[in-house]
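[1] No letters, just coordinates:
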């Protein structure tokens with residue numbers, strides 16, 4: 001069985017090498033790995049680092065966007081190259097730990113779920129997560145729960161893992177961070193089985209490179225309402 005790990009990257013020169021090492025060393029049980037990095041128009045030293053990594057590790061593919069198009073756009077590019085039975089989305093910072101992979105893919109391997117969300121909130125608010133961001137995350141998730149009857153605690157999680165049949169049936173139209181609510185809503189509409197597992201999480205601040213902004217929360221809110229009427 002093959003796991004395709006899609007890593008969208010934009011200006012992550014401080015973390016990209018470390019996260020790739022963790023992905024390479026991660027335990028996926030019986031599954032082999034296909035690692036796909038999509039450089040979304042980085043303007044720092046990220047492209048140079050990725051070129052060195054690509055030459056050193058044969059199982060890493062690097063695709064480049066000529067300019068920054070957004071997280072969802074980078075993911076869609078990565079999906080087009082993915083050949084795995086299971087797809088894992090991995091952020092390029094160090095907030096999410098690849099040591100959780102085995103826990104995330106097991107429900108899909110055991111046919112207990114089609115999609116697995118790694119919830120950051122199974123023990124409440126993670127340490128160091130700003131209160132405003134925590135509240136915003138919970139409110140957006142609550143809105144999805146109410147409007148689409150989705151029983152999840154963390155819609156905005158970066159760890160979304162799913163089987164190939166999900167990839168083939170969900171059509172993402174967004175290009176930015178609104179991928180999270182759009183994917184979740186379309187999965188619910190398709191009646192896919194969604195399961196949550198607890199993950200480790202180390203939030204970073206805007207000062208340390210966090211890219212999501214208040215406007216992205218507004219965009220997510222618009223996406224939640226817009227998809228209510230999408231076929």
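    The structure has been received and is ready for your questions. Please read all numbers here as calculations on a predicted model, not as lab measurements.

[2] Would you map the helices across this structure?
    16-25, 46-56, 71-81, 101-109, 131-148, 164-169, 179-189, 214-226 (DSSP state H).

[3] residues contacting the residue nearest to residue 223 when sequence neighbours are not counted?
    Nearest residue to residue 223, sequence neighbours excluded (Cβ to Cβ, 6 or more residues apart in numbering): residue 178, at 4.2 Å. In this view, the C-beta of every residue, glycine as well, is placed from N, C-alpha and C. If you count contacts by Cβ atoms under 8 Å, 6 or more residues apart in numbering, residue 178 has them with 72, 216, 219-220, 222-223.

[4] Mind doing that once more with 10 Å?
    70-72, 172, 216-224, 226-227 (Cβ atoms under 10 Å, 6 or more residues apart in numbering).

[5] If you go by neighbour count, which of those residues are buried?
    70-72, 172, 216-217, 219-221, 223-224, 227 (16 or more other Cβ atoms under 10 Å).

[6] least confident pick among those residues?
    Note: of the buried ones among the contacts of residue 178, the lowest pLDDT belongs to residue 216, at 71.

[7] between the buried ones among the contacts of residue 178, which is closest to residue 113?
    Checking those against residue 113 by Cβ to Cβ gives residue 172 as the nearest, at 19.8 Å.

[8] What distance do you get for the closest one to residue 61?
    20 Å (Cβ to Cβ, to the nearest Å).

[9] need the contact list for residue 74.
    Applying Cβ under 10 Å, 6+ apart, we find residue 74 in contact with 6-10, 37-41, 63, 65, 68, 92, 175, 179.

[10] Would you check which pair of the residues you listed lies furthest apart?
    Among the contacts of residue 74, the pair separated by the greatest distance (Cβ to Cβ) is 37 and 175, which sit 18.2 Å apart.

[11] The two: which has the busier surroundings?
    residue 37 (26 against 15; other Cβ atoms under 10 Å).

[12] ok, back up a step: got a markdown table for the helices of the chain, with distance to residue 199 too?
    Shown next, in a markdown table, are the helices of the chain (distance: least, Cβ to Cβ, whole Å):
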| stretch | distance to residue 199 |
| --- | --- |
| helix 16-25 | 14 |
| helix 46-56 | 24 |
| helix 71-81 | 19 |
| helix 101-109 | 7 |
| helix 131-148 | 14 |
| helix 164-169 | 19 |
| helix 179-189 | 15 |
| helix 214-226 | 20 |
